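Novice: sequence below, structure please.
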Amino acid sequence: MSSSLFVADGKFSPELQSVFNFGLITRPHQARRSRYPSSEFTNDAVLVAQAGKEMALAKWEAIQKGESADCKFLVGSEDSAAELVFGSKVDLISSSLFFKAALKGQFKEQIQSNEPIRIDFVEPKIFKMIMEFAHTCHLNQNPVKSLEDAIRLAKAANLFLMPPLVILGTKLIKKSLSIENVWKALNLLLPEKNLASVCDSILSMRTLECLKQPTFMGISRDSLQYILSMDTLNIPSEYPLVEACAKLAKEERDWSVMDTALPLLRLLTLEAKEINLLAEYLTDFEKKAIGQWLVFNEVPDVAGSRLCPEVTPRKRPVTFRNRRFGEFENQEPPPSFASLNCNSAFKPQFVNFK
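Specialist: Residues are numbered from 1 along each chain as shown. Reported below is the predicted structural model:
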């Protein structure tokens, strides 16, 4: 390229600038920027999204007042406290498989006669969240303010077959979960295991902390069965689970706790002194089967007993520490610097420059 294409101050000459202006050549920095939307395009998209949101809210407010509504629901477990909620069939059918089937089936006669559809299995507060999301895809007028509301919303969304709202509900639950309330959440979520799985992360990563929480004493049988069925828990052995179950049985003064726990506790992975903690809850046949395993290392026939036949320990979750040191792959962690017998020649030498 000849030097005549450039002017003295480093700018392009008018001839080459005209080529750029017509788009025949793209500057390198322009090529990079063209991969991403311009700020004007981004601002336009935000404005369009905001306008759509405002229009949806305006439509929902009109429907709530009974304007443009073609169906209505009487919501509440008791008739005296039931609330009237209006809706649009088009939005409900397009957002929920439950309403798609019900409005064309069992609710069809009530809609034709302009009678309210009775909903007595969901409380009004949660049903309003369902309706708002079905009509606007947002929860602005009825925000979720507590873990209990998030759980009720997720269970209701699961019942009304609204997958996007189920995803939103589980995200809200996970955002509010902690080791202090995980057992309460699990009690409320079960037996719906697709929702209870939101607790898996905290239960598997912080198992010992969760087991030591006072709220563990209020655990339901379904929740106890759920955690004992998990294959991955952050525990050094089965003993913390055994200890927690024994403490729960004594706290409730109910030996039936062991009827739930023993078929899932991997007692055959423990030593005799650790299993002894549950000796008072075991039958003679179960003690004999455990002794056969401990003495002869033969897998006992546990048919007809409450013993778990599993002889392999539970897996532990992969964390930064065990990825780095191979802690759970039967590898020894690297020795510390202090344990190395280093020659003095390899030690750092400090020189006095005085």
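Novice: which residues does the residue nearest the centre of the chain contact?
Specialist: By C-alpha atoms, centre = their mean, the chain has its centre lying nearest to Val198, at 2.7 Å. Val198 makes contact with 170, 173-174, 177, 185, 189, according to C-beta atoms under 8 Å, 6 or more residues apart in numbering. All C-beta atoms are positioned from the backbone trio N, CA, C, and that covers glycine.
Novice: check Asp120 too.
Specialist: 75-77, 82.
Novice: filter the residues you listed down to the buried ones, PyMOL style.
Specialist: In PyMOL syntax, the buried subset of the contacts of Asp120 is picked out as below (16 or more other C-beta atoms under 10 Å):
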select buried, resi 75+76+82
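Novice: by pLDDT, give me the weakest of the contacts of Asp120.
Specialist: pLDDT across the contacts of Asp120 is lowest for Ser77, at 87.
Novice: confidence score at Phe107?
Specialist: On pLDDT, Phe107 comes in at 89.
Novice: count of neighbours near it?
Specialist: Phe107 sits with 19 neighbouring residues when counted by other C-beta atoms under 10 Å.
Novice: repeat that for Thr232.
Specialist: By other C-beta under 10 Å, neighbour count at Thr232 equals 14.
Novice: what do you get for Val257?
Specialist: Based on other C-beta under 10 Å, the number of other residues close to Val257 is 21.
Novice: is it true that it touches Gln225?
Specialist: No - judged on C-beta atoms under 8 Å, Val257 makes no contact with Gln225 at a distance of 10.8 Å.
Novice: the contacts of Asp120 into TSV, with extra columns for secondary structure and distance to Lys273?
Specialist: Below are the contacts of Asp120 laid out as TSV (DSSP: H, G, I helix; E, B strand; the rest coil; distance: C-beta to C-beta, whole Å):
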residue	secondary structure	distance to Lys273
Val75	strand	58
Gly76	coil	57
Ser77	coil	53
Ala82	coil	60
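Novice: mind checking how far Lys212 is from Val166?
Specialist: Relative to Val166, Lys212 is positioned 31 Å away (criterion: C-beta to C-beta, to the nearest Å).
Novice: between the two, which one's more packed in?
Specialist: More crowded of Lys212 and Val166, by other C-beta under 10 Å: Val166, with 21 against 11.
Novice: which stretch of helix or strand covers that one?
Specialist: Element membership of Val166, judged by DSSP states H and E, is helix 163-176.
Novice: show me the contact partners of that helix.
Specialist: 95, 130, 133, 137, 139, 144, 146-147, 150-151, 153-155, 157-158, 185, 189, 195, 198, 201.
Novice: among those, the buried ones, what's the ChimeraX command?
Specialist: Listed next is the ChimeraX selection for buried residues among those, using 16+ other C-beta under 10 Å:
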select :95,130,133,139,144,147,150,151,153,154,155,157,158,185,189,195,198
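Novice: what about the contacts of helix 163-176, which are in helices?
Specialist: Mapping the contacts of helix 163-176 onto helices (DSSP state H) picks out 95, 130, 133, 147, 150-151, 153-155, 157-158, 185, 189, 195, 201.
Novice: closest to Ala51 out of those residues?
Specialist: Closest approach between those and Ala51, by C-beta to C-beta: Phe133, at 19.4 Å.
Novice: pLDDT value on the closest one, please?
Specialist: What the model reports for Phe133 is a pLDDT of 93.
Novice: hmm, it is touching Asp91, no?
Specialist: No - between Phe133 and Asp91 there is no contact under C-beta under 8 Å: 9.9 Å.
Novice: could you export the contacts of Asp120 as CSV, including distance to Leu265?
Specialist: Below are the contacts of Asp120 laid out as CSV (distance: C-beta to C-beta, whole Å):
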residue, distance to Leu265
Val75, 44
Gly76, 43
Ser77, 39
Ala82, 47
